[in-house]
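Visitor: 3D model of this:
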Amino acid sequence: MVRIKRRGLMLVLSSPSGAGKTTISRALLAETDDLTMSVSATTRRPRANEVDGVDYFFVDEVKFGLMINRQELFEYAKVFDHYYGTPKEPVVEALREGRDVLFDIDWQGTQQLAQRAREDLVRIFILPPSMKELRRRLESRASDSAAIVDGRMGKANNEISHWAEYDYIIINNDIEESLNKVRSILAAERLKRERQIGLVEFVKGLTDGH
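Guide: Next up, the predicted model:
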C-alpha cells in the first residue's frame, strides 16, 4: 500500500461551554490515529488527580514569563489569576512527524494561533441549536450551581460573536452527527495537496514510469 508522507495539522475546536466541543474532542481522540491533544502549560497548582506533562505542564510564574519572553508559546492568556499557554516545541515536533494536534481553546487562543501558524491551522466552531438548549445542557450536568450556569450563559454571546473567524461551523443538534462532520473535515484537510509533502516525489516516480 502506498502511503504519502504528510505534515500534520492543528485542529482547533471552540464553542461556548455546553455546546459539545469536549465530548467531540474526547471521542475523536479515542478513535483517531495520529491525533494527539495539545498539553498546555499553566501556573496554577495541580489538582490531586492531575499528572505533570499529561494534563498540563505545571510551571511557576517566573518560568512562564521566560517562556513568553523567549517566544516559546503559540498562545497564552491569564484566566482567573493563572496563566495558560501552548508550548511550541511539542506541537512543532508532532506536525513534523505527520501527527495532528487537537486544541480545545477559546477564540482568543485561536486568534493567536492564526497569527503564528495559519498554514497549519484548521478552525472549527461548534454552535448550540438554540440558547434555550444550551442552558438546558449546562443545567443537566448537575455539577454546576445556578450562578455558574448564569455566568457561562453570560459569556456565550461574546464567544458566539466570533464564529466568523473560523473555517468551519457545526450546529450541534446531535452529538454523533456533529462528530461525523468533524471526522469528515479532518479527513479532507489531511488530503490537502500542500500537506502531502511526499507527493512531489511520488508523482515524479509515476511520470518516470516507476
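Visitor: Would you mind confirming that Asp167 is in contact with Ala114?
Guide: No - assessed by C-beta atoms under 8 Å, Asp167 is found out of contact with Ala114, at 10.0 Å. (C-beta placed from N, C-alpha, C; glycine too.)
Visitor: higher neighbour count, those two?
Guide: The residue with more neighbours, out of Asp167 and Ala114, is Ala114; 16 against 12, by other C-beta atoms under 10 Å.
Visitor: Leaving out chain neighbours, which residue sits closest to that one?
Guide: Counting by C-beta to C-beta, 6 or more residues apart in numbering, Ala114 lies nearest to Leu121, which is 5.9 Å off, once chain neighbours are set aside.
Visitor: Check what pLDDT that neighbour gets.
Guide: Listed pLDDT for Leu121 reads 96.
Visitor: Count the residues that sit near it.
Guide: By other C-beta under 10 Å, 19 other residues sit near Leu121.
Visitor: partners of it in the sheet?
Guide: Note on Leu121: beta-bridge partners Met10, judged by DSSP bridges.
Visitor: so what's it up against?
Guide: Leu121 is in contact with 9-10, 12, 113-114, counting by C-beta atoms under 8 Å, 6 or more residues apart in numbering.
Visitor: on that earlier part again, mutual contacts of Asp167 and Ala114, please.
Guide: Shared contacts of Asp167 and Ala114, defined by C-beta under 8 Å, 6+ apart, comprise Arg123.
Visitor: My read is that Glu61 contacts Tyr83, right?
Guide: Yes - contact criterion C-beta under 8 Å: Glu61 and Tyr83 qualify, at 6.9 Å.
Visitor: of these two, who's got more company?
Guide: Comparing Glu61 with Tyr83 by neighbour count (other C-beta under 10 Å), the higher total belongs to Tyr83, at 20 against 10.
Visitor: Within the helices and strands, which one has the more buried one?
Guide: Using DSSP states H and E, Tyr83 maps to strand 82-87.
Visitor: which parts of that strand are buried?
Guide: 83-87 (16 or more other C-beta atoms under 10 Å).
Visitor: Repeat that for stretch 133-150.
Guide: 134-135, 137-138, 149.
Visitor: Keep only those of those that are in helices.
Guide: Using DSSP state H, the subset of those located in helices is 134-135, 137-138, 149.
Visitor: Pull the number of nearby residues for Lys88.
Guide: When neighbours are counted by other C-beta under 10 Å, Lys88 registers 17.
Visitor: May I have stretch 147-162 as PDB, with CA atoms only?
Guide: Provided in PDB are the C-alpha atoms of stretch 147-162 (Å, rounded to 0.1, in the frame of the first residue of the first chain):
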ATOM      1  CA  ALA A 147     -24.700  31.100  39.400                       C
ATOM      2  CA  ILE A 148     -22.000  29.300  37.400                       C
ATOM      3  CA  VAL A 149     -24.600  28.400  34.700                       C
ATOM      4  CA  ASP A 150     -25.700  32.000  34.600                       C
ATOM      5  CA  GLY A 151     -22.000  33.100  34.200                       C
ATOM      6  CA  ARG A 152     -21.400  30.700  31.400                       C
ATOM      7  CA  MET A 153     -24.600  31.800  29.600                       C
ATOM      8  CA  GLY A 154     -23.400  35.400  30.000                       C
ATOM      9  CA  LYS A 155     -20.100  34.600  28.300                       C
ATOM     10  CA  ALA A 156     -21.800  32.600  25.500                       C
ATOM     11  CA  ASN A 157     -22.900  35.600  23.400                       C
ATOM     12  CA  ASN A 158     -19.400  37.100  23.300                       C
ATOM     13  CA  GLU A 159     -17.900  33.700  22.400                       C
ATOM     14  CA  ILE A 160     -20.500  33.000  19.600                       C
ATOM     15  CA  SER A 161     -19.900  36.500  18.200                       C
ATOM     16  CA  HIS A 162     -16.500  35.300  16.900                       C
END
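Visitor: Alright, that wraps it up for me.
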